[in-house]
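Novice: Next comes the sequence, and after it the predicted model I'd like to discuss.
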Amino acid sequence: MYKLKTHIIADAWIMFKRSLLISLRNPEALLVATIVPFLVMFLFGTVFGSIANVGELNYIDFIVPGIILQSIGQSSQYSAMNVAADMTKGVIDRFRTMSISKTAVIIGHAGAGVVRNTISTITIISTAFVLGFRPHGGFMNWLVIIGLLALVSIAISLLAVMCGLLSKTVEGSSGLMLPLFILPFISSGFVPVDSMAGGIKWFAEIQPMTPIIDSFRALTLDLPLGDNLWMALAWSVGIAVAAFSFSIQIYKRRIS
């Protein structure tokens, strides 16, 4: 059992380094992880800040969590595309001839996705500080924020891997990730949910992005959390477990 676990960890580390190297050699992926989050943060912080009504809050403080989630969803499309490329270009067929754990391939791609997401998040927060972002959360709040960000990033990266495995083409995998880019806009990310109307408000209240964004906002601004953190944790863990389990099953079926 110990040798098996060591074998999986070693394989996962190799697959992680391979996936990360692919990302570093892809200028477009690096652009999406750095320049695009900067431009989105700058655009919303300077243009829309003058027309949005978020009460007494500074609009920069209000939108940082939503832009982080939106950028993670956008950055994660490259995890889906890289997995789809491996599946369609014969790379996985080569892995089948080697003694490589099936789990390691999935973990490697997801791990590289987490690194890209972390770069995007750091870029957004740095840009937000320049534009006037002033968090009020204490040290413990930031520890919780880092942990929640890591969990959300893992969940979305695993979801991206699953989309890559489901897709028959590289282009199709990117399309499957489109909802993750759109969902933060139909949540509490950019305007208060109470300001929405009808079915849009109902959808924003029940979808997973809203409690995750509300948790980040409450922790950074030292606002009441309510049940948002527990809901955010439940959604993140549930998505991660489901995406990982489905990914393993899809991977086994496609290489059999």
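Specialist: Cool, the structure landed.

Novice: which secondary element of this protein has the worst mean pLDDT?
Specialist: helix 91-96 (a mean of 69; mean pLDDT, DSSP states H and E).

Novice: what comes into contact with stretch 115-122?
Specialist: 20, 23, 29, 32-34, 37, 68, 71-72, 74-76, 78-79, 149, 153, 156-157 (CB atoms under 8 Å, 6 or more residues apart in numbering). C-betas here are computed from N, CA, C, even on glycine.

Novice: hang on, residue 62 packs against residue 220?
Specialist: No: applying CB atoms under 8 Å, one finds residue 62 not in contact with residue 220, separated by 10.1 Å.

Novice: buried stuff in the helix ranked longest in the chain?
Specialist: Identified as the longest helix of the chain according to DSSP state H is helix 102-131. By 16 or more other CB atoms under 10 Å, the buried positions in helix 102-131 come out as 102-121, 123-125, 127-128, 131.

Novice: ok now it, how far from the chain's centre?
Specialist: 7 Å (CA atoms, centre = their mean, to the nearest Å).

Novice: buried ones in the next helix or strand after that helix?
Specialist: Downstream of helix 102-131, the first helix or strand assigned by DSSP states H and E is helix 139-166. By neighbour count with 16+ other CB under 10 Å, helix 139-166 contains the buried residues 141, 145, 148-149, 151-166.

Novice: And helix 139-166, what does it pack against?
Specialist: helix 59-75, helix 77-88, helix 102-131, helix 170-176, helix 178-182, helix 209-221, helix 228-255 (3 or more CB pairs under 8 Å, 6 or more residues apart in numbering; DSSP states H and E).

Novice: quick one: contacts of the shortest one?
Specialist: When you say that, I think you mean helix 178-182. 70, 72-74, 76-77, 156, 159-160.

Novice: average pLDDT for that helix?
Specialist: Taken as a whole, helix 178-182 has an average pLDDT of 84.

Novice: what does the third one give?
Specialist: For helix 102-131, mean pLDDT rounds to 86.

Novice: Repeat that for stretch 196-215.
Specialist: 91.

Novice: Correct me if wrong: residue 124 contacts residue 41.
Specialist: Yes: with contact defined as CB under 8 Å, residue 124 reaches residue 41; the gap is 5.2 Å.

Novice: Give me the common contacts of those two.
Specialist: 64, 67.

Novice: Now for the nearest residue to residue 237 once chain neighbours are set aside: which residues touch it?
Specialist: Leaving aside its sequence neighbours, residue 237 sits nearest to residue 151 (CB to CB, 6 or more residues apart in numbering; 7.1 Å). Residue 151 makes contacts with 233, 236-237, 240, as judged by CB under 8 Å, 6+ apart.

Novice: Same check on residue 76?
Specialist: Taking CB under 8 Å, 6+ apart, one finds 113, 116-117, 156-157, 159-160, 177, 180 in contact with residue 76.
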